[in-house]
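K.L.:
sharing a model that was predicted from the sequence below.
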Amino acid sequence: MAISNFPQALKIFRRKSAKDISIITFSILLVGAIVWVLYGIEIKSIPIIFSNSLGTIGVTFVMVGWFLYGRDS
C-alpha cells in the first residue's frame, strides 16, 4: 500500500497530463497518511512511520503532478 501511488505519479509525469485526477481524493489520502505518520511517531512504531511516510511521498508526487499538468485546458 505504501508504494501504490508511485505508478500513478510516474504515469502523470510521463504523459505530462493529470486532467483526470481527483485532487480531492488525493488530498484526503495525504491527510490520512500524515495522521498515520504522526500516530506512528506518537507510539514510536518504525513500521507505521516508514510505510506511511512512503505513502505520503507517493501522494505528494501525484499532487505535484496535478498542480503542474492537471489544470490545463
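P.N.:
Looks like it came in fine. Numbers count the residues shown, from 1 in each chain.
K.L.:
need the residue closest to the centroid of the protein.
P.N.:
residue 59 (0.6 Å; Cα atoms, centre = their mean).
K.L.:
residues contacting it?
P.N.:
Residues near residue 59 by Cβ atoms under 8 Å, 6 or more residues apart in numbering: 5, 26, 29-30, 33. In this view, the C-beta of every residue, glycine as well, is placed from N, C-alpha and C.
K.L.:
please identify the helix or strand for it.
P.N.:
helix 46-69 (DSSP states H and E).
K.L.:
what about residue 21, is that helix, strand or coil?
P.N.:
Under the three-state scheme (DSSP: H, G, I helix; E, B strand; the rest coil), residue 21 adopts coil.
K.L.:
residue contacts, the nearest residue to it once chain neighbours are set aside?
P.N.:
Nearest residue to residue 21, sequence neighbours excluded (Cβ to Cβ, 6 or more residues apart in numbering): residue 66, at 5.0 Å. Listed by Cβ under 8 Å, 6+ apart, the contact set of residue 66 reads 12, 18, 21, 23, 26.
K.L.:
farthest pair within these?
P.N.:
Maximum pairwise distance in these, criterion Cβ to Cβ, is 11.9 Å, between 12 and 23.
K.L.:
who touches both of these two?
P.N.:
Here residue 12 and residue 23 have 66, 70 as joint contacts, going by Cβ under 8 Å, 6+ apart.
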